[in-house]
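1. quick one, structure for this:
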Amino acid sequence: MAIETFPVELAWRRHVTPHVLHLAFRPADGSALGFVPGQFLNLHFDTEHGETHRSYSIANPPGDEGVLEIAMSPVPGGLASEALAALQPGDVIQASGPYGRFVLREEPPCRYVLVGTGTGITPYRAMLPALRERLAAGCQVHIMLGVWRREELLFGDDFRAFAAAHDGAVFSACYSRDYPADPEAWEHSGYVQTRFSHLGLDPEKDVVYLCGNPAMIDESVEILKAMDFTLKQLRREKYLSARPAK
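-> Down below sits the predicted model:
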């Protein structure tokens, strides 16, 4: 069965960190694409090796000026990376979706622990308005971002502003390579999964979302299972880097 695609036009692009490109698309026919925060788009590319596609989490809430934002960390020599990096505003490519079940579910008041590495943080940015509603209903939220260094803090300002504006919301960052000489209280050294023991996690009250590096997710699952979490309380979305074509 053929995948049904539709054209999207690049609205704008910018570097949001030294190594991450932030792009916004809109349906070329001017329609609005409905999606649930946490879902992803497939972008399709024609290359010298044939047609290929890559998946990107949508990084903004539904209805946000009609655009669909993504964050891309280029893979050196990657076909999709090169194609996306070459796009200019007004260029049109094909997309399909939205897809995915990495979304907020209906559940009793709880604490959401939302963990992401690199561009794996993007679905949580799309969830912020929905999380605001969950906070008003008695939930708590802890967003944890793992990157190499402070300069790579993808959408960090958005998450810090969210935490500062809402009781019951916390943001923290973990740096796996370079720890700043002047750390803030929300900045930590090491990998995100090493912070679980500091959070007072309660499998009766907490739901953990894990998005990004597969090794982080696999290690986190083992740590959390040892803390009596069941797979029902763990939501996962692995980001796999595409290998360059040979």
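2. residue ranges of the helices in this structure, please?
-> Listed in chain order, the helices of the chain (DSSP state H) span 79-86, 122-136, 156-165, 214-226.
3. in a markdown table: those, plus mean pLDDT, mean neighbour count and distance to residue 192.
-> All C-beta spots, glycine's among them, are computed from the backbone N, C-alpha and C. As requested, the helices of the chain are exported to a markdown table (pLDDT from 0 to 100; neighbours: other C-beta atoms under 10 Å; distance: least, C-beta to C-beta, whole Å):
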| stretch | mean pLDDT | mean neighbour count | distance to residue 192 |
| --- | --- | --- | --- |
| helix 79-86 | 83 | 17 | 25 |
| helix 122-136 | 97 | 20 | 13 |
| helix 156-165 | 97 | 16 | 13 |
| helix 214-226 | 97 | 16 | 7 |
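4. got those as TSV, with distance to residue 143 columns?
-> Written out in TSV, the entries for those read as follows (distance: least, C-beta to C-beta, whole Å):
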stretch	distance to residue 143
helix 79-86	26
helix 122-136	6
helix 156-165	5
helix 214-226	15
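5. so for residue 198, which of those sits nearest?
-> The closest of the helices of the chain to residue 198 is helix 214-226. By C-beta to C-beta, the value is 12.2 Å.
6. hang on, the earlier thing: between the helices of the chain, which one is closest to residue 185.
-> When these are compared by C-beta to C-beta, helix 156-165 sits nearest residue 185, at 11.4 Å.
7. what residues are up against the spatially closest residue to residue 117 that is not a sequence neighbour?
-> Excluding the flanking residues, the one nearest residue 117 by C-beta to C-beta, 6 or more residues apart in numbering is residue 212, at 3.4 Å. By C-beta atoms under 8 Å, 6 or more residues apart in numbering, residue 212 lies in contact with 115, 116, 117, 118, 119, 120, 121, 146, 237, 238, 239.
8. can you tell me which of the helices of the chain is nearest to residue 201?
-> Comparing those by C-beta to C-beta, helix 214-226 comes nearest, at 7.5 Å.
9. before we move on, back to that, how about JSON lines for the contacts of residue 212, with pLDDT added?
-> As requested, the contacts of residue 212 are exported to JSON lines (pLDDT from 0 to 100):
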{"residue": "115", "pLDDT": "98"}
{"residue": "116", "pLDDT": "97"}
{"residue": "117", "pLDDT": "96"}
{"residue": "118", "pLDDT": "94"}
{"residue": "119", "pLDDT": "95"}
{"residue": "120", "pLDDT": "96"}
{"residue": "121", "pLDDT": "96"}
{"residue": "146", "pLDDT": "97"}
{"residue": "237", "pLDDT": "93"}
{"residue": "238", "pLDDT": "86"}
{"residue": "239", "pLDDT": "80"}
